[in-house]
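Chemist: Here is a sequence with its predicted model. Questions after.
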Amino acid sequence: MQNKISLENIKDLRNKTGAGMTDCKKALEASGGDVDIAVEFLRKKGLATADKKSSRLAAEGLIESYIHAGSRLGVLLEINCETDFVARQPKFQQLAKDIAMQIAACQSVRYVSQADIPEHIVLYEQNLELQKEDLANKSDEIKAKIAKGRVEKRLKELSLVDQNFIKEQAVTVDELIKQHISLLGENIKVRRFQRFLLGEGIEAKNNSFVDEVSNMINTK
């Protein structure tokens, strides 16, 4: 027997998903009043809608910053949408803040997506895996299969959009962005970001200076 769909049920689902009232009503009807199923229904619908908009030009947006407590870690992020109107929307601005925080939390992330990872990095990871000792006695076929799986895992670690969203682990950053594309009606793209760690690289530079001085002394 189907549960009665009340206005309160619809409002509750709307608050949870951000979807329109009509879509929430349809989702509840399709799920027999089960809110969890309705949420999943709307999520899948949103992803499908977002895929259709992902090729549209996104040249507006904003630059968001995140400074972690203690001011030892910071992030600068450029995220784009199609219009300045959407760029001013609280939901878009919150998305930018969430993604900037995500980047700060994920130390291994270096690129927006796997498509942005340079070919030489991919080849380096492949060669590294193939040369590992635990694969030495494997056949070439097994070795290649294991190495491929490990490389795929490593490339996901480097990719921002492949990360599980820190505030909702069941959703990836890619899915989070697509949810907002559906919600706001415009294409949204993370264009670039930079992560800053206080003191990063200083030790390496000091070591280079020491080596340089040593070389100068030895050549005298």
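Modeler: Perfect, thanks for sending it. Computed from a predicted model, the values in this text were never measured in an experiment.

Chemist: Could you measure from A59 over to I37?
Modeler: Here the criterion is C-beta to C-beta, to the nearest Å. By it, A59 lies 38 Å from I37. In this view, the C-beta of every residue, glycine as well, is placed from N, C-alpha and C.

Chemist: domains of the protein?
Modeler: Following automatic domain parsing, one finds the domains of the chain at 1-53, 118-156.

Chemist: can you tell me the average pLDDT over the shortest one?
Modeler: Here the mean pLDDT over domain 118-156 is 87, rounded to a whole number.

Chemist: Could you pull up the residues touching A96?
Modeler: 61-62, 64, 77, 79 (C-beta atoms under 8 Å, 6 or more residues apart in numbering).

Chemist: L184 too?
Modeler: Here L184 is in contact with 81, 86, 89, 91-92 (C-beta under 8 Å, 6+ apart).

Chemist: Buried only: go through those residues for me.
Modeler: Buried members of these, counted by 16 or more other C-beta atoms under 10 Å: 81, 86, 89, 92.

Chemist: any chance of the contacts of A96 in CSV, with neighbour count and pLDDT too?
Modeler: Formatted as CSV, these follow (neighbours: other C-beta atoms under 10 Å; pLDDT from 0 to 100):
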residue, neighbour count, pLDDT
G61, 23, 94
L62, 15, 95
E64, 20, 97
L77, 26, 97
I79, 25, 97
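
Chemist: Now intersect the residues you listed with the strands, please.
Modeler: Among the contacts of A96, the members falling in strands (DSSP state E) are 61-62, 64, 77, 79.
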